[in-house]
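1. can't give you the sequence, but here's the structure:
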Ligand code: G16
């Protein structure tokens, strides 16, 4: 074992979901190694522990895995479980950690961010429950990155990642395992595969799943085409590529354009779905019909009793604060708890572990449940397939009848990407200063009822998370929320979330941009988006 002196990097601070930087940044001498050793130091002692390793297959995945293997051997891990080809989708990694009772896992992914030599890479650590490291642990890892003196590594040949086999190096057993099998087996226990199979093999129902040249290609082909009998070619862009084919593997209306075009009205395709770089996000489309992730979450919760996994009912659900309150209305009808957490899947972990919730989700195209501790793109698609198969309806019919029962929470998110960090901070600081005086003021037709910066006290361990987003809560049941993204790698990304409730008897058919237009104008008046950033329109609207 060699101890190598480590240069200290001051920017190794995990964001919303792990450490994300450009590949070139990760390739600085000792950069990856320092961060990995800091994870190991934070979870020490490593002796006797089992670690899962896998990634979304993006550029630098394989090289990084070889480094991590050599460092894990040097740090005396007992066992490494590594996805074949260095691949594990984020939910599959969570599944493997839980199934084999591993002590934790390292997932290599920058999620929906583009891949390639000039693009993004990322590293995150998940704990033994399969959940993303909680805030206290990520803060501890960051502290270790500032205090690190050396990292440990062994000089051994690279391990063959492509063949399922076991070998031993020093005290460490290294198992290359199937990336797909454990996850696919788990899915078969959660859904009624028989009813879905008859839907997919019938002539009246066609679906299209866009894997966006990212990690879900193999998972979707195995489950949707081979196990559920959908025709070959149902999964498009199914071959994972290190640069995602030059695309931006983010399943939204802008970046999943190919799918959106295929799903135009008249296409004859009943269900469209896409997943992101590491397989934890999902987008659901009907024929010529977009289903907002906040609504998708509400529909899944409202129909949970149709899914075998939830046949004994739900006790609670949760959503991130900026996510629309469509889920709250379902929870109230079911008379179950509904929790509001900060943005970041890690905040659902304690609630899931404590059995307080079974289903949770976020506006950022993330939906999941207690089967793993990550959001799960393919799982959400299977939920929809199961619901549609039982109901014998189209996605649009299911959505419209949901609105008729619960009312509609119009929602949109406006993203301003790559803005100057100082401009973003100035805007936020100015807005923050205004907050105490805003309540009672009227802007257009909207009177502010409450204006604050969201704080969350975890109901399980009482930990406090503050500064989680500026909320403007209006008296007419409308909200505008401002956050800076914690997942970008260049400049700042400003996210502004808008939602307002329309009761079941109201106009449920508006375009969300039109339905929220006066709220959007009012938010600009209050925050001065244009004045501070110089931007007149968002880069991405979801
Ligand atoms: C990550 C987190 C999500 C979060 C999303 C957006 O998703 O896991 O919980 O909602 O980032 O975060 P932000 O608004 O800070 O960019 P993913 O899919 O990137 O891992």
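-> Good, I have the coordinates. Owing to the predicted nature of the structure, the values given are computational and were not obtained by experimental measurement. Residues are numbered from 1 along each chain as shown.

2. near the ligand, which residues of the stretch 351-500 of the chain?
-> Selection of the stretch 351-500 of the chain residues close to the ligand by C-beta under 6 Å from any ligand atom yields 362, 364, 366, 485, 486, 487, 495. Placement of C-beta: from N, CA and C, glycine included.

3. tabulate the residues you listed (TSV), appending distance to residue 120, secondary structure and pLDDT.
-> Conversion of these to TSV gives the following (distance: C-beta to C-beta, whole Å; DSSP: H, G, I helix; E, B strand; the rest coil; pLDDT from 0 to 100):
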residue	distance to residue 120	secondary structure	pLDDT
362	20	strand	97
364	16	coil	94
366	18	strand	96
485	13	coil	88
486	14	coil	77
487	9	coil	75
495	18	strand	94
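
4. and the worst-scoring helix or strand of the chain on mean pLDDT, what does it pack against?
-> One helix or strand of the chain scores below all others by mean pLDDT, DSSP states H and E: helix 529-533, with a mean of 85. Judged by 3 or more C-beta pairs under 8 Å, 6 or more residues apart in numbering; DSSP states H and E, the packing partners of helix 529-533 are strand 408-419, helix 421-438, strand 492-502.

5. off-centre distance for the helix or strand that that helix is followed by?
-> Next helix or strand after helix 529-533 toward the C-terminus (DSSP states H and E): strand 540-541. How far strand 540-541 lies from its chain's middle: 17 Å, per C-alpha atoms, centre = their mean, to the nearest Å.

6. pretty sure residue 135 sits against residue 342.
-> No: Residue 135 is beyond contact range of residue 342, at 9.2 Å (criterion: C-beta atoms under 8 Å).

7. ok, those two, which is more surrounded?
-> Set side by side, residue 135 and residue 342 show more neighbours around residue 342, with 21 against 17, by other C-beta atoms under 10 Å.

8. pairing partners for residue 53 in the sheet, please.
-> Residues in a beta bridge with residue 53, per DSSP bridges, are residue 82, residue 106.

9. can you name the residue of the stretch 101-250 of the chain nearest the ligand?
-> Nearest to the ligand, among the residues of the stretch 101-250 of the chain, is residue 111, at 3.3 Å (C-beta to the nearest ligand atom).

10. so what's that residue up against?
-> Applying C-beta atoms under 8 Å, 6 or more residues apart in numbering to residue 111 gives the contacts 17, 20, 56, 90, 122, 276, 277, 278, 280, 281, 487.

11. where does it fall, secondary structure wise?
-> Under DSSP H and E, no helix or strand contains residue 111.

12. quick check: residues of the stretch 151-300 of the chain near the ligand?
-> Neighbours of the ligand within the stretch 151-300 of the chain, by C-beta under 6 Å from any ligand atom: 276, 280, 281.

13. could those go into JSON lines alongside distance to residue 217?
-> As requested, these are exported to JSON lines (distance: C-beta to C-beta, whole Å):
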{"residue": "276", "distance to residue 217": "12"}
{"residue": "280", "distance to residue 217": "15"}
{"residue": "281", "distance to residue 217": "15"}
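
14. ok, back up a step: weakest of the helices and strands packed on helix 529-533 in terms of mean pLDDT?
-> With a mean of 90, helix 421-438 has the lowest mean pLDDT of the helices and strands packed on helix 529-533.

15. and the next helix or strand past that helix?
-> For helix 421-438, the following helix or strand on the C-terminal side (DSSP H and E) is strand 442-443.

16. tell me what that next one is packed against?
-> Strand 442-443 is packed against helix 517-527, with contacts defined by 3+ C-beta pairs under 8 Å, 6+ apart.

17. which helices and strands sit right next to the helix it packs on?
-> Using 3+ C-beta pairs under 8 Å, 6+ apart, helix 517-527 is in contact with helix 421-438, strand 442-443, strand 446-453, strand 470-474, strand 478-484, strand 492-502.

18. could I get the contacts of residue 111 as a markdown table with secondary structure and neighbour count?
-> Below are the contacts of residue 111 laid out as a markdown table (DSSP: H, G, I helix; E, B strand; the rest coil; neighbours: other C-beta atoms under 10 Å):
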| residue | secondary structure | neighbour count |
| --- | --- | --- |
| 17 | coil | 27 |
| 20 | strand | 23 |
| 56 | coil | 32 |
| 90 | helix | 31 |
| 122 | strand | 27 |
| 276 | coil | 34 |
| 277 | coil | 33 |
| 278 | coil | 34 |
| 280 | coil | 34 |
| 281 | strand | 29 |
| 487 | coil | 19 |
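
19. follow-up on the earlier one: same list, the helices and strands packed on helix 529-533, but as TSV with mean neighbour count and distance to residue 453 please.
-> Formatted as TSV, those follow (neighbours: other C-beta atoms under 10 Å; distance: least, C-beta to C-beta, whole Å):
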stretch	mean neighbour count	distance to residue 453
strand 408-419	22	19
helix 421-438	15	7
strand 492-502	22	14
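
20. distance to residue 207 for these - can I get that in JSON lines?
-> Compiled in JSON lines, the helices and strands packed on helix 529-533 are given as follows (distance: least, C-beta to C-beta, whole Å):
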{"stretch": "strand 408-419", "distance to residue 207": "25"}
{"stretch": "helix 421-438", "distance to residue 207": "40"}
{"stretch": "strand 492-502", "distance to residue 207": "29"}
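
21. identify the residue nearest residue 441 in space, chain neighbours excluded?
-> Leaving aside its chain neighbours, residue 441 sits nearest to residue 448 (5.3 Å; criterion: C-beta to C-beta, 6 or more residues apart in numbering).

22. could you check how far the one you found is from residue 522?
-> Counting by C-beta to C-beta, to the nearest Å, the separation of residue 448 from residue 522 is 9 Å.

23. who's in contact with the least confident helix or strand of the chain?
-> Here helix 529-533 makes contact (C-beta under 8 Å, 6+ apart) with 416, 419-420, 423-424, 426-427, 430, 494, 496, 523-524, 535-536.

24. do stretch 184-192 as well
-> Residues contacting stretch 184-192 (C-beta under 8 Å, 6+ apart): 95, 99, 219, 222-223, 227, 307-309, 371-372, 378-379, 382-383, 385-386, 389-390.

25. just give me the neighbour total for residue 139.
-> Around residue 139 there are 14 residues (other C-beta under 10 Å).

26. surely it forms part of a helix?
-> Yes: Residue 139 forms part of a helix when assessed by DSSP: H, G, I helix; E, B strand; the rest coil.

27. going forward, the N-terminal residue is numbered 7.
-> Sure, I'll start numbering at 7, so the last one becomes residue 145.

28. what's the first helix or strand after the host helix or strand of residue 180?
-> Assigned by DSSP H and E, residue 180 belongs to strand 178-183. Next along the chain after strand 178-183, taking DSSP H and E as the criterion, comes helix 187-196.

29. past that next one, which element shows up next along the chain?
-> Next helix or strand after helix 187-196 toward the C-terminus (DSSP H and E): helix 199-207.
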